[in-house]
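Chemist: What follows is a predicted structure for the sequence shown.
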Amino acid sequence: MLELSGVKKQFRNGNDYSSLLDHIDLRIYKGESVAIQGKSGSGKSTLLNILAGLIQSDEGIMLFNGKDVSAMTTNELAGYRKYNIGFVTQYFNLLGDRNVYHNVALPLQYLRQSKKEIKLKVEKVLEELEISHLKSRPVGNLSGGERQRVAIARAIVKNPSILLADEPTGSLDEKTEETILEIFKNLNHRGTTMVIVTHDKSVANLCKKKYELKNKKLNAIS
Ligand SMILES: Nc1ncnc2c1ncn2[C@@H]1O[C@H](COP(=O)(O)OP(=O)(O)O)[C@@H](O)[C@H]1O
Ligand SMILES: [Mg+2]
């Protein structure tokens, strides 16, 4: 379970500090699916980055299965991400000069899995996302929709216990979006906890709980 209490985040803006998230409380149970909506600039990506252990909150606590992530060292945070988190970031963060296979294999290499195991898993996920034919292409010359699928493949290849996705269907056509939704649905049925930032109603409707980030607060939407 992921549990945020009293989480606050502020950023410096010139000489001022303006708070973006203020006293956010959120409980995400194992296997649950959560959609986060909200206007551009409301802090959705920042909240996901906190859940991913990529940035720390200024105040408040984040617990993962009872462990205090907000008090972890840089090394411990890296371990938290490596073993638990799959993250489809908003702008993909892929290695543009490396090919699709290499990008998707990376999280498994960090986990020191064998070459054989990596090959099996990468090929399976590329097939699932219908991008096997792109395997040897450098990511830098793929289309936005293709890159988005590579980013999704990289996030799910290690079968993470928590999948975080930041507007994961933003660059996809309708048919590809359906494929991705089906994959997310299956992952969730198999027990993956999911937190998805989305503007897309059909993606949000996939999730059991919905929240809107507004005026620094997270409000449940029914
Ligand atoms: N590292 C940072 N330093 C300063 N300002 C930031 C930083 N990260 C985000 N912000 C600001 O916080 C606001 C919200 O950003 P973000 O979380 O990306 O919102 P959203 O994903 O909802 O569009 C933006 O105005 C952005 O400029
Ligand atoms: Mg964002």
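Modeler: Looks like it came in fine. Ligands and ions are numbered 1, 2, ... in the order given.
Chemist: which secondary structure elements does the longest helix along the chain contact?
Modeler: Using DSSP state H, we find that the single longest helix of the chain is helix 174-189. If you count contacts as 3 or more CB pairs under 8 Å, 6 or more residues apart in numbering; DSSP states H and E, helix 174-189 packs onto helix 144-156, strand 162-166, strand 193-197, helix 201-204. C-beta here means a position set from N, CA and C on the backbone, and glycine is covered the same way.
Chemist: how near is Leu129 to Arg98?
Modeler: Distance, Leu129 to Arg98, using CB to CB, to the nearest Å: 17 Å.
Chemist: More neighbours: which of the two?
Modeler: Neighbour count, other CB atoms under 10 Å: between Leu129 and Arg98, Leu129 has more, with 21 against 14.
Chemist: Name all residues that make contact with that one.
Modeler: Arg149, Ile152, Ala153, Thr179, Ile180, Ile183 (CB atoms under 8 Å, 6 or more residues apart in numbering).
Chemist: Could you pick out the buried ones from those?
Modeler: Arg149, Ile152, Ala153, Ile180, Ile183 (16 or more other CB atoms under 10 Å).
Chemist: ok, these vs ligand 2, which is closest?
Modeler: Ile152 (16.5 Å; CB to the ion).
Chemist: ok so, going back, name the residues that touch the longest helix of the chain?
Modeler: Outside of helix 174-189, the residues within contact range by CB under 8 Å, 6+ apart are 31, 33, 128-130, 145, 149, 152, 156, 163, 165, 168-169, 172, 194, 196, 200, 202-203, 206.
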